[in-house]
Structures are given as structure tokens and as C-alpha cells.
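# Here is a sequence with its predicted model. Questions after.
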Amino acid sequence: MALSHTGFFLLRSPLYPVNRYRDVLEDSLQELADKNPLFLYALCIASGDLLKELERFLSDPASFNKKKTDKLRKSLYKYWVRACSRSTPYGLFAGCTTGAIGADTQLRINDVKDAYQYVRLDMDYYTRICYHISQQADISTALRYYPNNSIYKTGDKYRYAEYTINNNRRKYLLTAVEDSVFMSAIIREAAAGLTITQIVQVIHEQDPSITEEEATSFVRELIDSQLLIADTEPRITGEDNLQSLTDRLLSIPDANTFRDALLALQALFRQQDFERSRLAAIHQQCENAFPISIPKDLLQIDLFKTAQQCQLSETLVNDILSQIHRLMALCHGYTKGQTELSSFITRFMERYESQEVPLNLVLDGETGIGYGAAIENTVHAPFVEDVAGAPGAENQTVSWSPLQQLSLDKYEQFLQQGLSEVTITDDDLQKLGDPETVPMARSCYLFGSLQAASAEAADKGEYQFALNSMGGPSAANLLGRFCNGDEVLTEKVKSILDEEAAAFPDLLLAEVVHFPEARAANVLIRPTLRPYEIPYIGVAGTPEEYRIPVNDLLVSVRQNEVILRSKRLNKRVIPRLSSAHNYGYNSLPIYKFLCDLQHQSVMSYLSWDWGVFGNRKRLPRVVYKNIILSKATWTLTAKETAHLGDDAEANQRFMDQYREQQKMPEKVLLAESDNELLLDLTAPAAVGLLLDHVKKMSSVKLKECLLAEESGIVRDTDDQAYAHELLLPLRSVPVAEKTAAEKPAAEKPRPAAIAAPATMPVRSFAPGSEWLYVKVYCGFRVAEELLATWFAEQLPQWQEEGLFDEFFFLRYGDPLPHIRLRFRNHQRSNNDVVLHRIQTGLQPLVDNGQVSKIQCDTYIRELERYGSATMHLSEQLFSADSMAVLGVVSMLEGAEGEDYRWRMALRGTDMLLEDFGLTPTERKQLLAGLREGFTTEFGGAKTQHKPLNDKYRKHQQEIASFLRAENDEANDIAEAVEFFRQRSEITAPVAQQIRQHYQNDNRYFDILASHIHMFLNRIFVAKQRKHEMVIYHFLEKYYLSQLAMEATLK
């Protein structure tokens, strides 16, 4: 894939030019206030309490002692310096400008007084207004109510998420209510929205004897418990909330007072002056209209600056993108949110296998598997002990990767040569891998800043681009929250999202709509940007037919990939969140799951990572050509400053000496998470602030400051330079000239979900039916001993007695290790005999604790995996394979037996491929695909390719020998192979029937892959997935060599 721009970008810049940061150091507080009314306006919005403190000082300076004055000045320092140096939008302290890509670079912004302010109520306060209005008796009866969109049914209960307010924060809890004819009827009928009177009528239809008073009381209880939600609930997407609420109240005569108050607020919001009197009027209007305590953060304001010119040179942008493309080699092996998804996939397969299950039920923490860490089972498996595990799975230690090796090399170079800057070279990147093999999302964003003496210099290639990050999986991730205030930006964002959707014509990209903790909603509200939305405890802006409720979503796992499908629309759904919300923190499982799912199988982040060296005392700048990947950093600890007191001169001397020793510049950034504060360490006030921080935090991280006071690429009409950030939406496009074989493994349009057939064979067989399903819970080794001795001896005898028609077994974790045994018998009384024999035969092991539990269960067929029309044929194959494996493992003893186990697994897989009639080329292609999937699961080709190749070379001669039938006697496996030959007598004709059913359909190969998987599950004691990866790798290499030999003989 190649990166290209989308024709526009977003420029973010602070309120004042960078050189004005000195004003807070040089001016008195009186001068600062007198000269900067715009700053006081911004401070009034951001921190009214600090403004009041400043006003108290200005009116009576004598009442402030030195300590109190210093505290005030330090607080003002933070806000003032932010207004001059930090570009992150925050009230009026920084704003946005939409720019275009053109012939040359021209970035000249207008005076901030020409800017547009998009003003809205803080979402916490607005939510309380909505609730207050909805509680008014005369209004509540006119509102329409809908079922809570998190509701779902499990057993005889309805479950849904409701919230409580604790310390002004929402806390969600999963609540259950008993099902009843009334509940079912209300939830069903209220789907399109009903008034309280209409819901009461629904109750009366179920039971006319219930009085109106009783029914009304019941309905109000449902509303209070949030099972029913009023249509005044705040929107997350769609039109402006205040406008939406005002429109809703127009049709309710008793709401005139509230409606007029809302209209007055809107009129105040539309005014574009920068007078604090307007803010006071808004405050007063709220106080008069609503008996609700007014929070400190009453308003949210986004600032949109205008510009004389706001354009970046296309040549410049393309030059940056070409370098960024090469740097994508740093992304190998990095995926966001994949650890929990991988754990989910494992637990899903253990619990549901190939079923497609309602998402609500799967993620229910009590009845499903939830969404979190899985318990990993481990056991000694000598053949794969030297094979690296999946990241975060079988071992939690940090694996040493090529990227970490590069970090070590650069860190050693920095130490040995005393460098302030280390350079990444093309040779360095080549060792990490091909950037085109990084799985790219169809759109993404680039975030950073340009350092150049002037726009003209930048266009000549004399620039540096300081990379903050490159991310995804959509270009809209950091743009969505700014769309409400900029119609031009909104249309441009919609355009790139339309392009993104066009890459997936058979799938639905749906926006996740969720209302978390109330203040977090400030960054989540956005226009309707995509046609489809998934509302979950949040009001969507799309029409009803374009909403995909969570209870309409089905989840399954195919080929190690989570598949989400809309039952109503019968299409696969890929979630997207066009917001920068930190959804990973304290979020509901369904919301986090949907947001994590958007990152599945795609690169989501690019930046330099020092890895284990990240906490070193000092780190150099890291550059690649014109790209600054990482700024130089220093760590200052409380231990180093413990001897310092309140003597400003002594503190300054310490800092001057410290800077000289550490080769630290005068200006640095105090970094806390993503917050950065400019500090001029030649100024005692800044040094004092820094030392206060060190004492409070025990250690702080300082970054080099790249801001230039005089030169700079972004300037105003007075030619003063500004700090800035550039947000470039990007698209990744196929490289047309590449052949199919050469195209990288970029994010491909994912397979659409397969609709279930109209009629299905019996899926579930409960105890007492023709299928007996027994679970024997025991350790891995006990399970092996049982299978290789007791079951291997007993089952052939039972088969001769006619006690079962078919039988198969599997080894499982669930999460406790156990054997799953399934017997089919049309004479059901025989199943009672089989169960009795198992219970009797294993009772001694139950008594001594080696078997912890014997349990009967319901056998649920994997119809989606093996095909509804061919499920019975697969069960015949399971039976033949299980009997064959029991025969083989009965011959494996001790360490020598373990050595033969993997060889027999190779031979058994090869014979299974032959039974299914695959040509050598087909075998190689199938094994390559299977191997690739497992290699990705266990860390990717960079982690596994070399060690697996080394392992293959070590065993290459044995592999070739054991796969040739003429060597069976010499290899002492003829007796064991006979079990596979007996399996083939059943498997080959049955496989032919399956192939005839799926003519010209890849399902045949999918079914074969599943049977291979099941065979390997049966023959290996534990760590089956690791074993599978190695077996697939060995067979692929062997078939490749055989094809090459055949080609040379032609």
C-alpha cells in the first residue's frame, strides 16, 4: 500500500505567538491583565476560580503574602504559557483551521478576534438539564420512551446497563429484572417509542384488571430504573443537542418556559464577541431557568481560526509521506488492543467453538465469557519448548525483537559517542522488514509539526517534521470532535469516510455511539459521519433503519478472526469510533470490545519506542532523514533536588549546573502523559515550578523544546511565529503496478458473513438423546494415560459389542483441562450402558483425585464450521480419526514416544490430505495459508520464520523419511501407520461425498482444515496450537521442496 494525502489537513495553533510566553515572566500581574483581556476571557471559561483569585489580587495586592502571590503566579504561568506554546485545542487557548494541499506552503493565520467560537453546554450539566425537564409531570406525559438499548434477554430475565451518579460521575452496573408478560409486551411495543399513557394501555391489554394508577406507577418505576429512556436523552451523534431539545419541546405547551430559556441560551451562544459579560449572561440565564447547581465547567468552547492562507505544498507533503512509508517498518508486530482480543478468541473457541452467538450473551460476565484475560494452560511439550509463544499468552516476559535490538544499538551509540542525536538509517529499517507487509488500514492520520525557518525553506526540503504519532484505523479518529463547529471540515471528513466504506462494499462500517461518564461525552459528541451506527447506552443520530442495535449483533470466530454480523441486515459489521476518546479506561465490556475490534488485523500506531530503555536518565533525539521520531529527554528525580529549599538564587545555580552537565537546552517541555508545559529554565519562576513538580511527583520527564521564537512556518498577519500541530488525514491505496503476488498484506476487504440456511438439522442433543456427551475433568497427563490405556483398550471392545454407532473425542481446556467424549447410538439405552461403564471404570481415579469431575452435557453441533448438509459426514470422519489416534497413542511411551508423536502427526496429516484428494500444489497452498495464520498468532513471521526454518533444517531428513511409505518398516512405524490406513478406508469415500457437495466452493478446503486441526488436537497432549504451527510449517516446506524437485525433473 502507498500513502497519499486526502487534499486537506487541520492546523492547530495556540492563542498567542510563541515569543509572548515571556510576558508572564517580565510583566507584573497588573500589566498582564490590563494588556490581555482576551486571556482573561479564556481564563474565565477554563478556570473561573483562578480568574477570581487574580481579580482579588488586583483589587488588593497587600492582602496576598509572598507565598500566596507565588502560588497565583505559578498557576497563571501554566495557563499563559499554554496560550503561547501548546496547540492542543482547549477552550480559547488554542484553535483549529482547516487547510488545503496545494502548489506551495503558505500558513498565515488571522487575528484570533476573527475566529469563530462554537459554544455548547458542558455535557454533564446538559444531561442534568434534560433529566430535570423530563421529570416535570406535565412534560413527562408528553414524552416518548424507548427501551434501554443495552437490554437483552437471558433465560427468564432481562439484563441491561443502568448508571448511578457518584461524585458527579456515571458508574454503570449490569441489572437484571424478571421477565413477565408485561415486560415482554412493553419492550416489544415501545421499540418505536411510546408515551406513558400508551405504555399503560399496553399493560391493560395484558391484564385489564390492573388499575390505571397501578400501571402508571409501574411505568414510572421502569423509567426511574432506566429500563425505559425518554426521548430527551442527550445525543452523541447528530444535530446540536440544544437545538434538538428545543425542537422536541416545541410540541409540548407546558414546556414553553424551558423552551424559551433554551432559545435564549442559543442566542447567547451565537454571539461571537469575546466579552466576559456574555459569559456572565449565560451563567445567569442558566441559573434563572434551571434549579440545578452550576458546575465550574459550565461551557465547552471550540475555537476555529481563520487564515489568509492555509496551505501545504503537495511536494512537501509527499516527501514527508514517502519517509513515513519507509518508517512503517517500525510497526512490524505492533497491534493495538490485540492482547484482549486474542484472549477473547481463545475463550470463545473453548466455549462456543464455531457457533455464531448473540454478542450480548457472549460478553455477559455471568452467563458468557466476558471480555478480559483468559486463563492459560501449560504443560510440558518437548517438541515445541523452543518455539516462542504468542505475545502475552504463555509467557509474560519481554521477548527480544529486532526493534528492541535497534533501540539497544542506538542507545549504545549514544553512550559511546556522546551524541545528542542518533540517526535511523535505511539499513536499520531494512533489518526490521518490508514496510509494505505492514497491514494498513484504508485510512489513517499523521500528526506532528513542521520545523523550518520559513515556508519557502520547507518547500525546498529544508525542514524537519516532528512526528507525534501516526494512527488509525480511520483518518477521522482525531477529527470527529471538531466537526460540529466546522461544516467544511464535516463534509471533508464524510468524504474520506465514504472512500473508506467503498473499500468494503460487502461490509458495513458502523460508528459506535456510546455515552460514558458524562464529561467524557464532551469529546464524543459529533455529527452523523457514517450511514450506519451502533448505539449502546447512547442516542444515535441516524434514522432508525440505519441503526444496528447491540442485540442485533452476532459474533463468531473464523480463522482466528472475530466476525461481527448484523442479524437483521445479514452483513458483516466493522465498528469504528471517530473520536479520540480513551475508551480503554474504565469502560463497559461491550463498548471496549467494539472499539478494540476496529483495530483487528490492522496497523494502528507508528512512533518510536525506546522499549526497556525508556526510563533511562537521558535519551537522545532520534531522527530519520527529515523526520524527528523522538525528542531528546531527561529525567529529574526528587533525590537529586532533595537538598534544595526556597532560595530562588541557589535553585537557579543548581539548575544552570544541572543543564550543563546533562547537555540540556534552556527551554524544555515538562511532560506528563500527553500534557506538555514549556519551561524557560533561565527563569527562576519556571525553575521553582519545576522543583515543585519534582517534589510532588518524585520524578519528572523533560523533553527538548523545538519551538523557535523568531523563525517558524506558521505566522500571523504581523509576521509573528506560532507553535502548531498538523493533522493530516491519509488514505492507503493499492500500488497498481504491483502484481498480485507482490502486493503487501494490507487490510483486505474482509469476507462477508455467511447467512444461515433457511432450515437447519438438529443442532443440540441434550442428555438422554441419541448423542451421549461426557466430560472427564483431569490433568493433561492423566488424560493422556486414560486415552492411551483405558479408552484405547475399552472402546474397540464396546464397538464390537455394538454399544455405539459413532464415537469421537477432543482434548480441551474450558478453562480446566478435560477430555470431551461423544457417543452416538440410535438405541439410546446403549448410551446408559456406556455412561455406566465410564463412571465405574474411572471411579478409582475420582476417589484418588486424579479425575476431578465426570459431567454429562449437551452436544452442540458446529454446523457453521462443517456445513449443515455435511455435518453427519464430518461426524463419521471424527469417529474414524478418534479410533485411529487412540491406536497410535497407545503405542507411544516415554521420551521416545514423545519423539515419535510429532512424526506420526506429520504422517497422519499427510495421509488425511491424500484422503481428501488434494494435489501436491493444493497441499502446499493449504498448508501455507494455515501456517500463516498460526505464525501471526504466535508473534508474526519476524519472530517465527528463522527459528522454524532452523528447526526444519535440523529434522529435514527425518521428515522426508517418515513421509515415505516405503520407509515405514525401517522407521518402526508400520504398525502405527496401519491405524491411519484403516482411517483412510472410511475417510477417503466420505471426503469424496463432501467434495461433491461443495463443488467449486472453498468450503471444502475449510472443512478439511478443520479436520486437520481436530486430528492434531487429538494426537498432541497439550499446547496444540504451537504444535499445529510447527506441523504446518514443516509440511509446507516439505511440499515446497517436493514441487521444486518435480519441476527440475520436467
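Sure, I can see it.

# Where does Ser293 sit: helix, strand or coil?
Using DSSP: H, G, I helix; E, B strand; the rest coil, the structure places Ser293 in coil.

# please begin residue numbering at 37 from this point
Taking 37 as the first residue, the last one we looked at is Ser329.

# Any idea how many residues pack against it?
Look at Ser329: counted by other C-beta atoms under 10 Å, it has 9 neighbours. For every residue, glycine as well, the C-beta is placed using N, CA and C.

# tell me the pLDDT at it?
Note for Ser329: predicted pLDDT of 93.

# who's in contact with it?
Counting by C-beta atoms under 8 Å, 6 or more residues apart in numbering, Ser329 makes contact with nothing.

# and if you look at Ala1012?
Contacts for Ala1012 (C-beta under 8 Å, 6+ apart) come out as Gly923, Val924, Met927, Tyr936, Met940.

# which one of these sits closest to Leu339?
Met940 (70.5 Å; C-beta to C-beta).

# any idea how far the closest one lies from Ala1010?
Separation of Met940 from Ala1010 (C-beta to C-beta, to the nearest Å) stands at 12 Å.

# More neighbours: those two, which one.
Met940 (22 against 13).

# looking at this, that one is in a strand?
No - using three-state DSSP, the assignment for Met940 is helix, not a strand.

# Val924 is in contact with that one, correct?
Yes - shown here, Met940 and Val924 form a contact pair, counting by C-beta atoms under 8 Å, at 5.5 Å.

# Identify the contacts common to those two.
Ala1012, Ile1055.

# Quick check: Leu742 is in a strand.
No - secondary structure of Leu742 (three-state DSSP): coil, not part of a strand.

# what about it, how many residues close to it?
17.

# Also Gln441?
14.

# Next up, the contacts around it.
Taking C-beta under 8 Å, 6+ apart as the test, Gln441 contacts no residue whatsoever.

# For it, give its distance to Cys346.
42 Å.

# same deal with Asp645?
To Cys346, Asp645 is 33 Å away according to C-beta to C-beta.

# Settle it for me: which of those two has more neighbours?
Cys346 (23 against 16).

# Which helix or which strand is home to the more buried one?
strand 343-349 (DSSP states H and E).

# how about the CA coordinates for that strand, as CSV?
Presented in CSV, the C-alpha positions along strand 343-349 are these (Å, rounded to 0.1, in the frame of the first residue of the first chain):
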residue,chain,number,x,y,z
ALA,A,343,-6.4,32.4,7.8
GLN,A,344,-5.2,34.5,5.0
GLN,A,345,-3.6,31.4,3.6
CYS,A,346,-3.7,27.9,5.0
GLN,A,347,-2.0,25.6,2.5
LEU,A,348,0.7,22.9,2.5
SER,A,349,2.8,22.2,-0.6
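
# list the helices and strands it packs on?
Packing contacts for strand 343-349, counted by 3 or more C-beta pairs under 8 Å, 6 or more residues apart in numbering; DSSP states H and E, involve strand 44-50, strand 130-138, strand 142-145.

# What is the burial count for the closest residue to Tyr1075 other than its chain neighbours?
Leaving aside its chain neighbours, Tyr1075 sits nearest to Lys960 (4.0 Å; criterion: C-beta to C-beta, 6 or more residues apart in numbering). Neighbour count of Lys960, defined by other C-beta under 10 Å: 20.

# about what we covered before: need the mean per-residue confidence for the strand holding Cys346.
Here the average pLDDT along strand 343-349 is 98.

# now that strand against strand 44-50, angle please.
Put simply, strand 343-349 runs at 130 degrees to strand 44-50, going by axes from the mean of the first three to the mean of the last three C-alpha atoms, to 10 degrees.

# Please name the strands paired to strand 343-349 in the sheet, noting orientation.
strand 130-138 (parallel), strand 142-145 (antiparallel) (DSSP bridges).

# can you list contacts of it?
With C-beta under 8 Å, 6+ apart, strand 343-349 has contacts from 45, 47, 133-146, 494-495, 753, 762.

# Just the buried ones from these?
Listed as buried from those are 45, 47, 133-135, 137, 141-145, 494-495, 762; burial here means 16 or more other C-beta atoms under 10 Å.

# now, the most widely separated pair of those?
Within those, Thr134 and Asp495 form the most distant pair, 20.6 Å apart (C-beta to C-beta).

# So which bits of the strand holding Cys346 are buried?
If you call a residue buried by 16+ other C-beta under 10 Å, then strand 343-349 has these buried ones: Ala343, Cys346, Gln347, Leu348, Ser349.

# The second one bridge partners, please.
Looking back up the chat, that one is Cys346. Taking DSSP bridges, one obtains Leu143 as the residues bridged to Cys346.

# Report the separation between it and Gly521.
On the measure of C-beta to C-beta, Cys346 and Gly521 end up 16 Å apart.

# for this protein, longest helix please?
What stands out as the longest helix in the chain, according to DSSP state H, is helix 1060-1085.

# which other helices and strands contact that helix?
Using 3+ C-beta pairs under 8 Å, 6+ apart, helix 1060-1085 sits against helix 930-951, helix 956-973, helix 977-998, helix 1039-1055.

# do you know which of the ones you listed lies nearest Phe1015?
helix 930-951 (8.8 Å).

# contact partners of the closest one?
418-419, 917, 920-921, 924-925, 927-928, 959, 962, 994-995, 998-999, 1007, 1009, 1012-1013, 1016-1017, 1019-1020, 1023-1024, 1027, 1044, 1047-1048, 1051-1052, 1055-1057, 1063, 1066-1067, 1070-1071.

# For that helix, buried residues please.
So, applying 16+ other C-beta under 10 Å, buried residues of helix 930-951: 934, 936-949, 951.

# Now do stretch 596-606: distance from first to last residue.
21 Å (C-alpha to C-alpha, to the nearest Å).

# Return the distance of that stretch from the chain's centre.
How far stretch 596-606 lies from its chain's middle: 17 Å, per C-alpha atoms, centre = their mean, to the nearest Å.

# How about residues contacting that stretch?
Contacts of stretch 596-606 (C-beta under 8 Å, 6+ apart): 377, 380-381, 384, 392, 395, 544, 584, 588-593, 607-611, 633, 636-637, 786, 789, 791, 969-970, 972-973.

# List the residue ranges of the stretch 137-286 of the chain that fall below the pLDDT cut-off.
For the stretch 137-286 of the chain, residues meeting the criterion pLDDT under 70 lie at 202-204.

# mind listing the strands for it?
If DSSP state E, counting those that start in this stretch is used as the criterion, the strands of the stretch 137-286 of the chain fall at 142-145, 152-157, 181-183, 188-190, 193-202, 205-214, 264-266.

# Mean confidence (pLDDT) on stretch 566-582, please.
96.

# Ok, stretch 60-78 next?
94.

# Please identify the buried residues of it?
Per 16+ other C-beta under 10 Å, stretch 60-78 contains these buried residues: Val60, Leu61, Leu65, Leu68, Ala69, Asn72, Leu74, Phe75, Leu76, Tyr77, Ala78.

# Ok, stretch 999-1008 next?
Buried-residue list, stretch 999-1008, by 16+ other C-beta under 10 Å: Leu999, Asp1004, Asn1007.
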